[in-house]
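Enquirer: what would the 3D arrangement of this be:
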Amino acid sequence: MHITTIVKAWALAAVMFAATPAAAEIRIIQSPGGQVGTFLDLFEKVRESGERVVIDGPCLSACTLVLSIVPGERICVTKRAALGFHAARSVDRRGRFYAEPEASEAVLQAYPGPVRDWISRHGGLTSRLLVLKGRDLAAIFSRCR
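Expert: Numbers count the residues shown, from 1 in each chain. You can find the predicted model right below:
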């Protein structure tokens, strides 16, 4: 898939990011998350493209699935990077959220070991947002050059 197509897909997912074709990278500038399926499809395409992912701002909720799909050696973080994790949840027909414990466990197990360990040390996946940033994040992922 060409980088322009990926950019359009990100825009449809309500994600702010930038693509630098010359550097063959995807830069996540800000993502509040969204529907899991959209992110899974997108990150599969990014993985297949061979492009590097630069996390350069908040990557929250479903956006963190990038860690499960794109190889870790192709992910780097800047000083502005922050990863936000919470338990999986769905919305019923009335617009009410409800917990999805099996999905939460599946997502947790898909994250790289050091991320799983960090989440566990900070109380696990719950309705509360856990934010991984700064030194803790730099201890897990390489800094972008």
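Enquirer: surely residue 85 touches residue 128?
Expert: No: taking contacts as Cβ atoms under 8 Å, residue 85 lies outside contact range of residue 128: 9.6 Å. For every residue, glycine as well, the C-beta is placed using N, CA and C.
Enquirer: more crowded one of the two?
Expert: residue 85 (24 against 11; other Cβ atoms under 10 Å).
Enquirer: identify the bridge partners of that one.
Expert: residue 130 (DSSP bridges).
Enquirer: got the contact list for it?
Expert: 61, 64, 119, 125, 129-132 (Cβ atoms under 8 Å, 6 or more residues apart in numbering).
Enquirer: pull out the buried members of the residues you listed.
Expert: Taking 16 or more other Cβ atoms under 10 Å as the criterion, what is buried in those is 61, 64, 119, 125, 130, 132.
Enquirer: which among the residues you listed gets closest to residue 96?
Expert: Nearest to residue 96 among the buried ones among the contacts of residue 85 is residue 61, at 17.7 Å by Cβ to Cβ.
Enquirer: surely the closest one touches residue 86?
Expert: Yes: contact criterion Cβ under 8 Å: residue 61 and residue 86 qualify, at 6.4 Å.
Enquirer: what is the least confident helix or strand in this protein?
Expert: Between all helices and strands in the chain, the lowest mean by mean pLDDT, DSSP states H and E belongs to helix 3-12, at a mean of 39.
Enquirer: tell me, what residue is most central in this structure?
Expert: Geometric centre of the chain, nearest residue: residue 64, 1.9 Å, by Cα atoms, centre = their mean.
Enquirer: can you read off the pLDDT for that one?
Expert: In this model, residue 64 is scored at 98, pLDDT.
Enquirer: please name the nearest non-neighbouring residue to it.
Expert: Of all residues not flanking residue 64 in the chain, residue 83 sits nearest, at 5.2 Å (Cβ to Cβ, 6 or more residues apart in numbering).
Enquirer: cool, and residue 65?
Expert: Nearest one to residue 65, counting by Cβ to Cβ, 6+ apart, is residue 39 at 5.0 Å.
Enquirer: so the residue nearest to residue 64: helix, strand or coil?
Expert: Secondary structure, DSSP: H, G, I helix; E, B strand; the rest coil: residue 83 is strand.
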